[in-house]
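**Q** sequence-free structure coming up:
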Ligand SMILES: *Cc1c(COP(=O)(O)O)cnc(C)c1O
């Protein structure tokens, strides 16, 4: 490492790089494959393609691209206020919800204080905590999900944030609204609770809960949502947080003034009202999930029941199976970095993509991983 880098804080030098899902183009380049024949089920993207309403609005917004975006995101905030019944001062917009998660960390953490998250929780929590030099407290998982009692018990005097993903990525595990509410009541009000609901639009009717009214009761609650998953706009990078106005105000001071670009603001406004697209996304995901679970079960493989648009399947030597699937033109996600070395995370695709994955998996999965 060069001298200048040796001077970087130890907590920065200790960060393990985030490994994103492999782009289809990269695999095509590396293996001399036709990109069109590659199936990518590696980043929990919506397989439907973007909402046509978003596309129209974004094309129109291109005309104004010489101007800086509205740094206050007026139109998008108005749309969010109408949709969620919150005040303008309760909204923080982000360049993806990852940006918002990092903003929470930069606003409330520093060296010498701590944040709590669960084992197998979303990788951006440890990254955000470490990048500001704070201490992390990782609680043990319960059936691969968050153990809320353990998390509440892990809160110390120096704890400033607890991160919860519901459903969680990569495990797809889910906490009921009643359990979350019980947790919020148990947490001291001086501790920020980040409730990351990136996949909430995928929840089936019987699982749905509405966290937004909780903001009135819990000034320490920060809800994060994204346009990257069910809204099908992952490449656009737009997400947001809803919080108490005092919390949102602090976060907005830390935020880069133009963190959400103008095309992204226009696309998000246009599709926020597109309930038809959301419903279609949810239906295709539910059908695909059922088929995938049937398929891996028929192969004799274990899986973790998931409420997201992805699930984890136990394949034994996951790095090998991952590499073998790549050779079949199928990209999934190994989750060794999440302390799950025997598992692969697979996003739900369109029907033909799911079938491609299942037949490729059947061809490469070792007999030792099958329990029937
Ligand atoms: C995908 C994901 C996000 C959203 O990321 P964006 O930055 O909005 O694309 C946030 N939280 C979890 C748990 C996720 O899986």
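**A** Happy to help now that I have it. Just so it is clear, the model here is predicted, and its values are computed rather than measured. Residues are numbered from 1 along each chain as shown.

**Q** near the ligand, which residues of the stretch 51-200 of the chain are found?
**A** Residues of the stretch 51-200 of the chain found near the ligand (CB under 6 Å from any ligand atom) are 96, 97, 98, 122, 165, 169, 196, 198. C-betas here are computed from N, CA, C, even on glycine.

**Q** just the buried subset of the residues you listed, written out for ChimeraX, thanks.
**A** Here is the ChimeraX command that selects the buried residues among those (16 or more other CB atoms under 10 Å):
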select :96,97,98,122,165,169,196,198
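
**Q** could you chop the chain up by domain?
**A** Domain ranges of the chain: 3-49+276-369, 52-274, per automatic domain parsing.

**Q** of these, which stretch is the most buried?
**A** Highest mean neighbour count among the domains of the chain (mean count of other CB atoms under 10 Å): domain 52-274, with a mean of 19.

**Q** for the ligand, what's its nearest residue on the protein.
**A** residue 96 (2.6 Å; CB to the nearest ligand atom).

**Q** so for the protein, the centremost residue is which one?
**A** With distances taken as CA atoms, centre = their mean, residue 198 lies nearest the centre of the chain, 5.1 Å away.

**Q** surely that one touches residue 227?
**A** No - here residue 198 lies out of contact with residue 227, judged by CB atoms under 8 Å, at a distance of 10.0 Å.

**Q** list residues touching both of the two?
**A** Common neighbours of residue 198 and residue 227 are listed as residue 239 (criterion: CB atoms under 8 Å, 6 or more residues apart in numbering).

**Q** looking at the protein, which helix is longest?
**A** helix 275-298 (DSSP state H).

**Q** residues contacting it, please?
**A** Identification of contacts with helix 275-298 by CB under 8 Å, 6+ apart yields 46-48, 51-53, 201-202, 204, 230-232, 271, 303, 305-306, 309, 311, 313, 346, 348-351, 354, 357-358, 361.

**Q** quick one: contacts of stretch 21-33?
**A** The contact list for stretch 21-33, computed with CB under 8 Å, 6+ apart, reads 34, 35, 38, 40, 42, 43, 326, 327, 329, 331, 333.

**Q** let me have these in TSV, extended by secondary structure.
**A** Compiled in TSV, the contacts of stretch 21-33 are given as follows (DSSP: H, G, I helix; E, B strand; the rest coil):
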residue	secondary structure
34	coil
35	helix
38	coil
40	strand
42	coil
43	coil
326	helix
327	helix
329	coil
331	strand
333	strand
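
**Q** ok, so of those, who is nearest residue 208?
**A** residue 43 (24.6 Å; CB to CB).

**Q** which residue comes closest to that closest one once chain neighbours are left out?
**A** Spatial nearest neighbour of residue 43, excluding adjacent residues (CB to CB, 6 or more residues apart in numbering): residue 21 at 3.8 Å.

**Q** kindly report the same for residue 114.
**A** Leaving out its chain neighbours, the residue that sits closest to residue 114 by CB to CB, 6+ apart is residue 135, at 4.1 Å.

**Q** contacts only, for that neighbour.
**A** Counting by CB under 8 Å, 6+ apart, residue 135 makes contact with 112, 113, 114, 115, 129, 158.

**Q** which ones among those residues map onto strands?
**A** Within the contacts of residue 135, residues falling in strands by DSSP state E are 114, 115.

**Q** the ligand contacts on the stretch 201-350 of the chain?
**A** Residues of the stretch 201-350 of the chain lying near the ligand (CB under 6 Å from any ligand atom): 226, 228, 229, 234, 239.

**Q** quick one: which of the residues you listed sit in helices?
**A** Using DSSP H, none of those sit in helices.

**Q** between the residues you listed, which is nearest residue 68?
**A** The closest of these, once distances to residue 68 are taken by CB to CB, is residue 239, at 20.1 Å.

**Q** in contact with the closest one, which residues?
**A** Residue 239 neighbours (CB under 8 Å, 6+ apart): 93-100, 198, 224-228.

**Q** from residue 313, how far off is it?
**A** From residue 239 over to residue 313 the distance is 28 Å, taken as CB to CB, to the nearest Å.

**Q** repeat that for residue 300.
**A** 11 Å.

**Q** what do you get for residue 197?
**A** Counting by CB to CB, the gap from residue 197 to residue 313 is 24 Å.

**Q** equivalent analysis for residue 88, please.
**A** Taken as CB to CB, the span from residue 88 to residue 313 is 43 Å.

**Q** now the strands: where do they sit in the chain?
**A** With DSSP E as the criterion, the chain has strands spanning 39-40, 91-94, 114-118, 135-139, 159-165, 192-196, 221-226, 239-243, 303-304, 310-314, 330-331, 333-334, 343-347.
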